[in-house]
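Undergrad: I would like the atomic coordinates for the input below:
(chains A and B)
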Amino acid sequence: MAKRITIDPITRIEGHLRIDIEVDNNSVSQAWASCTMWRGIENILRGRDPRDAWLFTQRFCGVCTTVHAMASVRAVEDALKLEIPLNAQYIRNLILIAHALHDHIVHFYQLSALDWVDILQIPKADPDRTAQLADSLSPWTRNSRNEFKAAQDKVKAVATSGQLGIFMNGYWGHPAMRLSPDVNLLAFTHYVQALEYQRKALQVVGMLGSKTPHIQNLTVGGVANAIDLDSPSALGMDRLEQIRVLLDEVVQFIHQVYFVDVCAIAAMYADWFKIGSGVRNYLAVPDLPLDSRGSAYDLPGGYILDGNISGAHTFRTASDKEFRESVNEDVTHAYYRGEKPLHPWVGETSPAFTGWDGEQKYSWVKAPRFQGRPMQVGPLAQVLIGYAQGHPLTRKYADLALNKVSAVAGVHATPEMLHSTLGRHAARAIRAAMLAELAQKHWQLLVDNIAKGDFTVYNQPEFPGHEVEGVGTHEAPRGTLSHWIVIKDEKIKNYQAVVPSTWNASPRDRAGAHGPYEASLLRTPLARPEEPLEVLRTVHSFDPCMACACHAFDPSGRQIAKVKVL
Amino acid sequence: MKNMLIGGIGNVLLGDDGIGPYIARLLNAYYQFEEGVEIADLGTPAFDLIDQISGKDAVILIDSIKADVEPGSVLLYRKAEIVCTRPPVRVSPHSPALIETILSADMFGIGPRDLLLVGIVGKTYDSSCSLSALVTASIPQAIAEIFGELERLGVAYRAREHPAQAEIWWATFEKTAVPPVFRP
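TA: Down below sits the predicted model:
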């Protein structure tokens, strides 16, 4: 008989992700993803000045502040057909890259590594052997015996104190944990080091954006950074040099530590390349514009349907006509009023809570659809689409990752294997490695452009008398983000944000098609259903935007065990 | 000189959750603090809070809280009281993560020695840019608690001779809104 497990929130007031699964013979037979809180923040924006919208959207979420700020100014600029000066494009690109690198480092080490790494095995590791292993994988200079020993001592101190602190909620000793003590120590040591490098990436955001966590330098039409090569307070050579040094350190960490760790750990869990595939429609928009009109980009976009990598479609621009016309939101299974799917420009956010009912309505997340289909977004979509299009930078790091996995696992790793839970982790590392290289490129582009004597950072926006609409997109760390705006009389008439986690966490649609989280969980094997580590591995691989906690219920709905998760 | 942070936490678009940023901005506009004291509107930083509290001698956080008492009540929590609670499960980087952040910072030896959470019990967290009346009325008490902590720590502060306008840019009523009950 099927056993029902609900993974439900107990946190404070942010939006929560809830996962319900049915388990049959230790395998997931049914899944529902839902968000338990309505925010409706878009309604706050109506009637406001479009030039102020980014200040508000930056507050949608405290972790992805910059991405919502950027998508918002881009939406207004798209509506006004405004060109953006080169300096502003490069400064924005650097901020977006630095933010994404920070986000990817934190996601892998602080948020999801402990799904795969067993902290309580670490006291058994041998720091000398760990150092030898690390040297065989990477030239990283901080892979020393002393660093490993220090990290091991920290864990031993925590373990012997009986106060596990941050590690209190792990599935230690779970049968799905399979790394050797030495590899566990290696990964944990990098978990500690990652804290330093994610901070350096954030410092770059702060230096260019003038503040973190909320950047201050954006404006519709460009940026507000004063460029003055000789001034210490403006963006001059001193500050640019500090930024370069920070970026170089982060780039080295990404290439020599994060990328290497993901490939090595993935190789040691190679069976997880067969689990967690789900929706094989992928969507990504081009990003990192290289000119003022947004006609050339460093990162490609497009879409793939039904996993058909050889038939990938291309978006030429970040507000491609096909993209603009193909997005709708379905509320059949979401707690909103409305009949047919609506395009975001005419979208409505009219709440109608009816309680969780898996057959009817069960989520506050709408179901965005592209040409009527659920789409998976995020690094995996970005990498598969780039790979399919033969994008050189994507191919460079994707092939490097696949070769590394092949070498360690002793298998022939192919792009097809990326349709999986581990594929999402590998793709995020591939994307980070690409972004790291692009960080240095865009720093150089900015410096070269300033050296030509171009100090322009802003074009004045002009509002037409008639109603206009625009879409601002950003290929954010979690995937395709789009802000949709309608402007009339210099005021916001309508505003809708279709965010990456809405695509991935979407409920079923009117046709009954699962969203990506739901589809990815089906047929997942569980070693111990009451400790659904495997479910968390797959959900975490998407880098979800909402909090959740775990309870286990028997079919009658009575709580039988509290499940600990990290 | 203390190396100190006074940080307001919360989402300014979700009603009473905006009280932390609101008070941080009031303090900034109306008071001067000795060198080394940073006043910040931190938004909802989740685990990124670790970068804000790391390496500080002392931290005061101002945040809305949920508790079964009258909205507008001001409750104080010291570091030891916060971390003795079991860390909530964290699946997403967006969850508040206060406990894990403090525990992590302490484990890596970079946590603040003193940490006080000034919690204001909220009434409504619906999407809105304004505070409820009960929460607004609690501002003087919350600020008095912050000053009490500064005095305990020996940190100097005084009212500005020429107060700036508090930058409560999100407030729906008007941009210069200062609650009538609050006068430094």
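Undergrad: which strands or helices does the helix ranked longest in chain B pack on?
TA: Counting by DSSP state H, the longest helix found in chain B is helix B:139-153. Helices and strands touching helix B:139-153, as assessed by 3 or more CB pairs under 8 Å, 6 or more residues apart in numbering or on different chains; DSSP states H and E, comprise helix B:19-30, strand B:58-65, strand B:74-78, strand B:114-121. From N, CA and C alone the C-beta is placed, and that goes for glycine too.
Undergrad: now for the strand or helix carrying A:I21, which elements pack on it?
TA: Element membership of A:I21, judged by DSSP states H and E, is strand A:17-24. For strand A:17-24, the packing partners by 3+ CB pairs under 8 Å, 6+ apart come out as strand A:3-7, strand A:27-35, helix A:516-521, helix A:533-541.
Undergrad: that one pairs with which strands?
TA: Strand pairing for strand A:17-24, determined by DSSP bridges: strand A:3-7 (antiparallel), strand A:27-35 (antiparallel).
Undergrad: mean pLDDT lowest where, among those?
TA: Among the strands paired with strand A:17-24, strand A:3-7 carries the lowest mean pLDDT, at a mean of 70.
Undergrad: just to revisit the earlier point, next SSE downstream of the longest helix of chain B?
TA: Later in the chain than helix B:139-153, the nearest helix or strand by DSSP H and E is strand B:157-159.
Undergrad: any idea how far that following strand is from the chain center?
TA: How far strand B:157-159 lies from its chain's middle: 18 Å, per CA atoms, centre = their mean, to the nearest Å.
Undergrad: quick one: name the residues of the stretch 51-200 of chain A near chain B.
TA: For the stretch 51-200 of chain A, the residues in contact with chain B (CB under 8 Å from any CB of the partner chain) are A:55-56, A:59-63, A:65, A:103, A:106-107, A:110-111, A:154, A:158, A:165-166, A:168-169, A:192, A:195, A:199.
Undergrad: was I right about A:W32 contacting A:L17?
TA: No. A:W32 is beyond contact range of A:L17, at 11.1 Å (criterion: CB atoms under 8 Å).
Undergrad: which of these two has more residues huddled nearby?
TA: Neighbour count, other CB atoms under 10 Å in any protein chain shown: between A:W32 and A:L17, A:L17 has more, with 29 against 23.
Undergrad: correct me if wrong: the more buried one contacts A:N504.
TA: No. A:L17 lies out of contact with A:N504 (CB under 8 Å); the separation is 10.2 Å.
Undergrad: hey, what's in contact with both of the two?
TA: Residues touching both A:L17 and A:N504 (CB atoms under 8 Å, 6 or more residues apart in numbering or on different chains): A:P544.
Undergrad: so what's the residue count around A:V262?
TA: 27.
Undergrad: how about B:G55, nearest residue that isn't a chain neighbour?
TA: Nearest non-adjacent residue to B:G55, counting by CB to CB, 6 or more residues apart in numbering or on different chains: B:I110, 5.6 Å away.
Undergrad: SS state for A:T394?
TA: Put simply, A:T394 is helix when judged by DSSP: H, G, I helix; E, B strand; the rest coil.
Undergrad: can you report how many residues lie near B:G36?
TA: The local packing of B:G36 (other CB under 10 Å) involves 13 other residues.
Undergrad: picking up where we left off before, in TSV: the helices and strands packed on helix B:139-153, plus distance to B:G7.
TA: Output for the helices and strands packed on helix B:139-153, formatted as TSV (distance: least, CB to CB, whole Å):
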stretch	distance to B:G7
helix B:19-30	7
strand B:58-65	5
strand B:74-78	14
strand B:114-121	10
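Undergrad: returning to that earlier point: the residues of the stretch 51-200 of chain A next to chain B in strands, which ones?
TA: Members of those lying in strands (criterion: DSSP state E): none.
Undergrad: show me which of those are buried.
TA: A:55-56, A:59-63, A:65, A:103, A:106-107, A:110-111, A:154, A:158, A:165-166, A:168-169, A:192, A:195, A:199 (16 or more other CB atoms under 10 Å in any protein chain shown).
Undergrad: which stretches of chain B have low pLDDT?
TA: Scanning chain B with the threshold set as pLDDT under 70 gives B:1, B:85-96, B:172-184.
Undergrad: what's the most buried one of the strands paired with strand A:17-24?
TA: Using mean count of other CB atoms under 10 Å in any protein chain shown, the stretch among the strands paired with strand A:17-24 with the largest mean neighbour count is strand A:27-35, at a mean of 23.
Undergrad: what residues does the helix or strand following it touch?
TA: Counting by DSSP H and E, the element after strand A:27-35 in chain order, helix or strand, is helix A:42-45. Residues outside helix A:42-45 that contact it (CB under 8 Å, 6+ apart): A:53, A:56-57, A:349, A:492, A:495-497, B:13, B:127-129.
Undergrad: spatially nearest residue to A:Q460, not counting backbone neighbours?
TA: A:Q460's closest residue in space is A:G221 (CB to CB, 6+ apart), at 6.1 Å.
Undergrad: contacting residues for that neighbour?
TA: A:77, A:82, A:84, A:88, A:458-461.
Undergrad: ok, it to A:W345 distance?
TA: Separation of A:G221 from A:W345 (CB to CB, to the nearest Å) stands at 22 Å.
Undergrad: what do you get for A:L195?
TA: Separation of A:L195 from A:W345 (CB to CB): 42 Å.
Undergrad: please apply the same query to A:L179.
TA: A:L179 is 49 Å from A:W345, by CB to CB.
Undergrad: how about A:L380?
TA: Noted for A:L380: a distance of 28 Å to A:W345, by CB to CB.
Undergrad: which of these two has more residues huddled nearby?
TA: Using other CB under 10 Å, the more surrounded residue of A:L380 and A:W345 is A:L380, with 28 against 17.
Undergrad: what's the separation between the more buried one and A:N281?
TA: The gap separating A:L380 from A:N281 is 12 Å, by CB to CB.
Undergrad: in chain A, where is pLDDT below threshold?
TA: Along chain A, segments meeting pLDDT under 70 span A:1-2, A:7-16, A:36-39, A:169, A:545-566.
Undergrad: report the central residue of chain B.
TA: For chain B, the residue nearest the mean C-alpha position is B:I62 (1.7 Å; CA atoms, centre = their mean).
Undergrad: got a list of what that one touches?
TA: B:I62 touches B:6-9, B:19-20, B:23-24, B:117-118, B:120, B:142, B:146, counting by CB under 8 Å, 6+ apart.
Undergrad: are any of the contacts of A:G221 buried, and which?
TA: Neighbour counting with 16+ other CB under 10 Å marks A:77, A:82, A:84, A:88, A:458-459, A:461 as buried within the contacts of A:G221.
Undergrad: tell me which two in those are the farthest apart.
TA: A:A88 and A:P461 (12.7 Å; CB to CB).
Undergrad: would stretch A:419-426 count as contacting chain B?
TA: No. Stretch A:419-426 lies apart from chain B when judged by CB under 8 Å from any CB; the minimum separation is 14.6 Å.
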